[in-house]
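>>> Have a look; sequence and predicted model below, questions after that.
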Amino acid sequence: MKDPYMPGFWAAVTALTLLTAGYFYGVRELYQLAQAMHFLYAGAAIIAALALSALAWSSWQQLKVRKRQLAQGRTLVAIWNTKVALRRVETVFDRYFWGSYWQPGRTFQEVMGELEGTPLEQSLEALKRQCRELDQEVHDRRWHWLNNARELSSVATSMARERYQLDLCDSQQSSRRGGVGGAVLNRDLEVLVYTWSARLRSFDHQLDELEGEYR
């Protein structure tokens with residue numbers, strides 16, 4: 001990366017050199033050559049000290065920029081990995097509740113409305129780990145991203161239990177429910193589906209905003 005301070009540095013060195021040379025010749029014309037040489041040595045020492053100071057300051061600024069760029073790059077990678085984990089959760093969620101995962105041959109935990117050991121639980125746990133890493137990368141002591149992942153996991157767990165209630169309701173005689181309980185359960189499931197979609201969109205939108213801050 002080109003140093004933006006170099007033109008100013010060389011301009012200052014050139015100006016000091018010209019001023020020193022002009023003053024040296026003026027002193028030589030008026031006084032003795034030995035006095036002029038002492039003045040020249042003193043001027044050269046001042047210029048060298050200023051040049052070294054400018055170089056040290058420029059190197060320090062470059063080091064700060066490089067460290068900031070490395071930290072920015074790590075944060076962007078963490079954001080992208082979190083987005084990938086979130087997309088994985090979204091895909092597995094759709095397949096689990098509305099697709100091939102919700103079929104006969106499920107485990108006992110799935111039948112009882114639990115997510116333990118399911119692909120959805122595994123993807124949610126992977127998202128939590130990635131969110132924890134993102135919180136550490138952005139130095140968020142409130143664990144904002146981990147809490148977002150936990151909220152998604154909580155909604156998914158509630159939906160699994162609600163789906164279990166629906167299956168249980170379907171397996172019982174309609175006379176025991178009177179046709180009313182099913183409507184309540186369906187309404188509850190609709191609320192959970194809406195909550196899931198809203199939090200998923202909010203999560204994704206917040207990641208986009210965070211990515212924009214580090215680009």
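All right, it came through fine. This one's a predicted model, so the numbers in the text were calculated from it and none came from an experiment.

>>> Next secondary structure element downstream of the helix or strand of the chain with the lowest mean pLDDT?
Counting by mean pLDDT, DSSP states H and E, the weakest-scoring helix or strand in the chain turns out to be helix 174-177, with a mean of 46. Sequence order places helix 181-213 as the next helix or strand after helix 174-177, per DSSP states H and E.

>>> helix or strand for residue 117, which one?
Going by DSSP H and E, residue 117 is not in any helix or strand.

>>> Please report the residue range of the longest helix in this protein.
Determined from DSSP state H, the single longest helix within the chain is helix 33-98.

>>> and the angle from it to helix 181-213?
160 degrees (axes from the mean of the first three to the mean of the last three C-alpha atoms, to 10 degrees).

>>> average pLDDT for helix 33-98?
On average, the pLDDT along helix 33-98 is 82.

>>> list the helices and strands it packs on?
Packing partners of helix 33-98 (3 or more C-beta pairs under 8 Å, 6 or more residues apart in numbering; DSSP states H and E): helix 6-30, helix 119-137, helix 144-171, helix 181-213. Heads up, the C-betas are built off the backbone N, CA and C, glycines and all.

>>> ok, of the ones you listed, where does mean pLDDT dip lowest?
Looking at those, the weakest mean confidence is helix 6-30, a mean of 63.

>>> Around the residue nearest to residue 188 when sequence neighbours are not counted, how many other residues sit close by?
Computed as C-beta to C-beta, 6 or more residues apart in numbering, the closest residue to residue 188 that is not its neighbour in sequence is residue 162, at 5.7 Å. Counted with other C-beta atoms under 10 Å, the neighbours of residue 162 add up to 19.

>>> can I see the domain layout of this structure?
Annotated domains of the chain cover 6-65, 70-213 [automatic domain parsing].

>>> Skip the chain neighbours and tell me the closest residue to residue 131.
Counting by C-beta to C-beta, 6+ apart, residue 145 is the residue found nearest to residue 131 once chain neighbours are left out, at 3.9 Å.

>>> The longest helix of the chain versus helix 119-137: what angle between them?
160 degrees.

>>> how far off helix 144-171 does helix 33-98 point, in degrees?
Helix 33-98 runs at 0 degrees relative to helix 144-171, counting by the same axes, to 10 degrees.

>>> okay but residue 83 is in contact with residue 205, surely?
No: Residue 83 lies out of contact with residue 205 (C-beta atoms under 8 Å); the separation is 11.4 Å.
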